[in-house]
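Participant: below is the structure, and that's it, no one-letter string:
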């Protein structure tokens, strides 16, 4: 007779422990799982935030002049005529597709909210990389368009549509080249420090950045 091939049970095999729902151990495991879930959610939100920031800074990276620096008027023009209008075509398409008498689509409402929020931000004061500062422009060119922490080294200014002649240095920049640099020409235009020709370029120059801006609507 052929020997039996039935596998023998392993008495040393560990059995999965089951804890009473009201036990201290079950409570510890539950709290551990909650912490892991919250950490995963926080990481996901942080990654999305970094991607969104990289898109915004990427826009201004592509606005860097081929040589030299921008005048403050040119920087305002980029914000006003390119950044704030980047959703206009998509909004027009949504409005054209909506039948007469129908309510707005969720996408149309979201685009309008973005435009209103950004217009108000520009009116009250929008923080942007200082593209009028030679040392800052040179440093910005070295960015790999991925590492958001690099942006913290840059000099930022706050500009407003309410008073285009006023420029406030919101962040002087942490890189040593900025600290050693001479005062930028923009200071002659009323530059204020806190406590501490691209006009001829077509909008298509920024198309690759605009297409990825803000993610799916």
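Facilitator: Alright, I've got the coordinates. Note that the structure is a prediction, hence the values are computed from the model and not measured.
Participant: how about residue 80, nearest residue that isn't a chain neighbour?
Facilitator: Nearest residue to residue 80, sequence neighbours excluded (C-beta to C-beta, 6 or more residues apart in numbering): residue 161, at 6.9 Å. Where C-beta positions appear, they are placed from N, C-alpha and C, glycine not excepted.
Participant: my read is that the one you found contacts residue 123, right?
Facilitator: Yes: judged on C-beta atoms under 8 Å, residue 161 makes contact with residue 123 at a distance of 5.1 Å.
Participant: more neighbours: those two, which one.
Facilitator: Neighbours were counted for residue 161 and for residue 123 using other C-beta atoms under 10 Å; residue 161 has more, 17 against 12.
Participant: and the pLDDT at that one?
Facilitator: Confidence at residue 161, expressed as pLDDT, is 96.
Participant: which SS class is it?
Facilitator: Under DSSP: H, G, I helix; E, B strand; the rest coil, residue 161 falls in the coil class.
Participant: can you pull the contacts of it?
Facilitator: Contacts for residue 161 (C-beta atoms under 8 Å, 6 or more residues apart in numbering) come out as 76, 80, 122, 123.
Participant: what's the closest non-adjacent residue to the third one?
Facilitator: Leaving aside its chain neighbours, residue 122 sits nearest to residue 161 (5.0 Å; criterion: C-beta to C-beta, 6+ apart).
Participant: where along this protein do the strands fall?
Facilitator: Remark: strands assigned in the chain by DSSP state E are 126-129, 156-159, 167-171, 191-193.
Participant: about what we covered before: can you redo the contacts of residue 161 as TSV with pLDDT and distance to residue 23?
Facilitator: Listed next are these as TSV, based on pLDDT from 0 to 100; distance: C-beta to C-beta, whole Å:
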residue	pLDDT	distance to residue 23
76	97	65
80	96	63
122	97	57
123	96	59
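Participant: quick one: which of those residues sit in helices?
Facilitator: With DSSP state H as the criterion, helices contain 76, 122, 123 from among the contacts of residue 161.
Participant: from those, which is closest to residue 88?
Facilitator: residue 122 (15.1 Å; C-beta to C-beta).
Participant: now the closest one: how far from residue 108?
Facilitator: From residue 122 across to residue 108, the span is 21 Å (C-beta to C-beta, to the nearest Å).
Participant: and what of residue 139?
Facilitator: 40 Å.
Participant: again, but for residue 65
Facilitator: Look at residue 65 and residue 108: by C-beta to C-beta, they are 35 Å apart.
Participant: which one of these two has more residues nearby?
Facilitator: A direct count of neighbours by other C-beta under 10 Å for residue 65 and residue 108 places residue 108 higher, at 18 against 14.
Participant: what sits against the more buried one?
Facilitator: So residue 108 contacts 91, 94, 95, 98 (C-beta under 8 Å, 6+ apart).
Participant: burial of the last one, as a residue count?
Facilitator: To tie it back to what came earlier, the one meant is residue 98. Neighbours of residue 98 under the rule other C-beta under 10 Å: 13.
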